[in-house]
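In: Okay, sequence plus prediction incoming.
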2 protein chains.
Amino acid sequence: MNETIKLQHNHRSIRSYKADPVSDEMLNAIIEAGHRAPSSMNAQEISVVVVRDAERKTKIAELAGGQAWIAQAPVFIAIVADYNKTDIGVRKAGQTQVIHESMEGLIVAGIDAGLVLANMMVAAHSLGLGIVPIGGLRRSPQAIVDLLGLPQLTFPLVGLCIGHIEKDAPLKPRMDVNTFRHDERYDASHYQEAIDNYDATIMEYWKQLGRTDGLSWSQNLGNNLKQVYYPQVKPVAAMQGLLNDK
Amino acid sequence: MNETIKLQHNHRSIRSYKADPVSDEMLNAIIEAGHRAPSSMNAQEISVVVVRDAERKTKIAELAGGQAWIAQAPVFIAIVADYNKTDIGVRKAGQTQVIHESMEGLIVAGIDAGLVLANMMVAAHSLGLGIVPIGGLRRSPQAIVDLLGLPQLTFPLVGLCIGHIEKDAPLKPRMDVNTFRHDERYDASHYQEAIDNYDATIMEYWKQLGRTDGLSWSQNLGNNLKQVYYPQVKPVAAMQGLLNDK
């Protein structure tokens, strides 16, 4: 197994960072890895906002629901759906952009944001840095829109903390790979058993970490997926002009 | 710059593959890189379907709009939103899953699919293999659902061809990085100029490749984003139980 795949297999989220800054050279290489990610139709409809200002990071940490590591990490990157950029091109071609009003447009922006995010994560890992992705960027999207100056046709999708590792973290077990990989056709006949096993594995994992508040995978999802976890996404996206009506 | 970042900066899509199979060892390492990608709330709501059967690949190539490289590549991987998997956990916890009826749920599935896709792409690149992501998996989603046996609460999001490179491809220029990277706050004041420059760069790129049918970035997006490019996404997702009403 080569070094790159080893890094990927060794991915874990870090929530404790040193105060040392990330050098411009490292940050530029990480950003460029994100920039080189492919996008659907080469639309390049993802932008990132790099936040290093302490006050702004502290505000984002609060808006994300009190995630102290956002304030602590020297670099926070907001990954943004940017159909404003594509709209300029579409107008230049004498057309009217419609894609941002569709489910297809949202899904594509999500996928392409994930490509940028993963590329930046892997690049940061390869430099020995720690990272944690931040879904909480969607918790208070209107405030994030205001804080980052995001115009119409843009929306904050997901964030990323980057910094030098203060306290490393163990690998979190994944569910059996046979619930992830299917061959030729989807087959869920073993899901229930794999989930039961995984629930036990996760409880054991919490125990080893000395965490008494840990929930099983099923309990955690029961609590979180019985609702729309970030209910402001749809109304704020609509105010930004991003609909899912088509 | 290290080897991993070099691979990422050197990303390009390959559409010409040798007949040689991808070894099980390589494929397993690639799948595991995808499996180790993080997911929102550790939901692990992405699954992949590995297709190596020649007839099935040929069918997918047709359904994607006549993309011969899908039939030619020895491995095609469909990346699938799998809220069926999470639903089993949520039910086990005695709750009713709601997230799959929301815009938030779609965005999260998109982002997490992108993370899996990027990790598999980078892993394949690191093994010297060629890849091309396939958005055309969304062109005829009902037929893909049938072909891959995808149950309710699942949806095919994006595909990936993997194989040994027959004919390499040049790097496609990206728009200036200052249209991708913003610092502290979003600033699009230079977008129009950057887009004009990029349109000229892309036309020069086509010329160097001897392609006389190449369009500028703006012209290409004008043609493609004036519409919902894959209009079956929303109705078929709804038939699969994935809504965006919340």
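Out: Received it, and whenever you're ready, just let me know what you need. Numbering: from 1, shown residues only, chains lettered A, B, ... in the order given.
In: Point me to the residue sitting farthest from the middle of chain A.
Out: What lies farthest from the middle of chain A is A:Gly94; by CA atoms, centre = their mean that is 34.2 Å.
In: residues touching A:Val233, list them.
Out: A:Val233 is in contact with A:138, A:141, B:102-104, B:107, counting by CB atoms under 8 Å, 6 or more residues apart in numbering or on different chains. Using the backbone N, CA and C atoms, a C-beta is placed for each residue, glycine as well.
In: Skipping its backbone neighbours, what lies nearest it in space?
Out: B:Glu104 (4.4 Å; CB to CB, 6 or more residues apart in numbering or on different chains).
In: can you count the residues close to the one you found?
Out: Burial of B:Glu104 is recorded as 24 neighbouring residues (other CB atoms under 10 Å in any protein chain shown).
In: Okay, and it sits in which element?
Out: Assigned by DSSP states H and E, B:Glu104 falls within helix B:103-126.
In: Next secondary structure element downstream of that helix?
Out: Heading C-terminal from helix B:103-126, the first helix or strand you meet, by DSSP H and E, is strand B:130-134.
In: How about that next one and chain A, touching?
Out: Yes - using CB under 8 Å from any CB of the partner chain, we find that strand B:130-134 touches chain A at B:Pro133.
In: What mean pLDDT does the lengthiest strand in chain A get?
Out: In chain A, with assignment by DSSP state E, the single longest strand is strand A:154-163. What strand A:154-163 shows for mean pLDDT is 98.
In: Report the next helix or strand after that strand in sequence order.
Out: Next along the chain after strand A:154-163, with elements defined by DSSP H and E, is strand A:181-183.
In: can you give me how far the helix holding B:Glu104 is from the chain middle?
Out: 7 Å (CA atoms, centre = their mean, to the nearest Å).
In: Any buried residues in that helix, and which?
Out: Of the residues in helix B:103-126, B:103-126 count as buried by neighbour count, 16 or more other CB atoms under 10 Å in any protein chain shown.
In: repeat for stretch A:41-54
Out: Residues of stretch A:41-54 classed as buried: A:41-52 (neighbour count, 16+ other CB under 10 Å).
In: For my notes, please list those in a markdown table and give secondary structure, pLDDT and distance to A:Tyr229 for each entry.
Out: Formatted as a markdown table, the buried residues of stretch A:41-54 follow (DSSP: H, G, I helix; E, B strand; the rest coil; pLDDT from 0 to 100; distance: CB to CB, whole Å):
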| residue | secondary structure | pLDDT | distance to A:Tyr229 |
| --- | --- | --- | --- |
| A:Met41 | helix | 96 | 30 |
| A:Asn42 | helix | 97 | 32 |
| A:Ala43 | coil | 98 | 28 |
| A:Gln44 | coil | 98 | 29 |
| A:Glu45 | coil | 98 | 24 |
| A:Ile46 | strand | 98 | 22 |
| A:Ser47 | strand | 98 | 24 |
| A:Val48 | strand | 98 | 23 |
| A:Val49 | strand | 98 | 23 |
| A:Val50 | strand | 98 | 26 |
| A:Val51 | strand | 98 | 23 |
| A:Arg52 | coil | 98 | 28 |
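In: just these now: which is nearest A:Asp183?
Out: Set against A:Asp183, the nearest of those by CB to CB is A:Met41 (29.9 Å).
In: and A:Ala124, what is it in contact with?
Out: Going by CB under 8 Å, 6+ apart, A:Ala124 touches A:26, A:30, A:130-131, A:162.
In: and which of those is nearest B:Ala73?
Out: Using CB to CB, A:Ile30 comes nearest to B:Ala73 of the contacts of A:Ala124, at 29.7 Å.
In: show me what contacts the nearest residue to the closest one once chain neighbours are set aside?
Out: Distances taken as CB to CB, 6+ apart place A:Ala123 nearest to A:Ile30, at 4.5 Å, with adjacent residues excluded. Each residue near A:Ala123 by CB under 8 Å, 6+ apart is listed here: A:29-30, A:33-34, B:4-5, B:8.
In: Please repeat the previous calculation with a cut-off of 7 Å.
Out: A:29-30, A:33, B:4-5, B:8 (CB atoms under 7 Å, 6 or more residues apart in numbering or on different chains).
In: Save these as CSV, and put in pLDDT and neighbour count too.
Out: Below are the contacts of A:Ala123 laid out as CSV (pLDDT from 0 to 100; neighbours: other CB atoms under 10 Å in any protein chain shown):
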residue, pLDDT, neighbour count
A:Ala29, 98, 21
A:Ile30, 98, 30
A:Ala33, 98, 28
B:Thr4, 97, 24
B:Ile5, 97, 22
B:Gln8, 95, 29
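In: Which members of those residues are positioned in helices?
Out: Among those, the members found in helices (DSSP state H) are A:29-30, A:33, B:4-5, B:8.
In: among those residues, which two are most distant?
Out: Pairwise distances among these were taken by CB to CB; the largest, 11.1 Å, belongs to A:Ile30 and B:Thr4.
In: how close does A:Ala194 get to chain B?
Out: Distance of A:Ala194 to chain B, computed by CB to the nearest CB, to the nearest Å: 9 Å.
In: Could you double-check that that residue lies in contact with A:Asp176?
Out: Yes - counting by CB atoms under 7 Å, A:Ala194 touches A:Asp176, with 4.6 Å between them.
In: After the one helix or strand A:Glu204 maps to, which helix or strand is next? Please name it.
Out: Counting by DSSP H and E, the element that carries A:Glu204 is helix A:191-208. Per DSSP H and E, the first helix or strand lying C-terminal to helix A:191-208 is helix A:217-225.
In: Buried residues, the next helix-or-strand element following that next one. List them.
Out: Under the assignment DSSP H and E, the closest C-terminal helix or strand after helix A:217-225 is helix A:233-239. In terms of neighbour count (16+ other CB under 10 Å), helix A:233-239 has its buried residues at A:233-234, A:236-237.
In: Pretty sure B:Asp176 is one of the things A:His35 touches, is it not?
Out: No - using CB under 7 Å, A:His35 makes no contact with B:Asp176, being 9.6 Å away.
In: Who has more neighbours out of the two?
Out: It is A:His35, of A:His35 and B:Asp176, that has more neighbours when counted by other CB under 10 Å, with 24 against 17.
In: measure that one to B:Trp217 for me?
Out: Plainly put, A:His35 is 15 Å away from B:Trp217 if you go by CB to CB, to the nearest Å.
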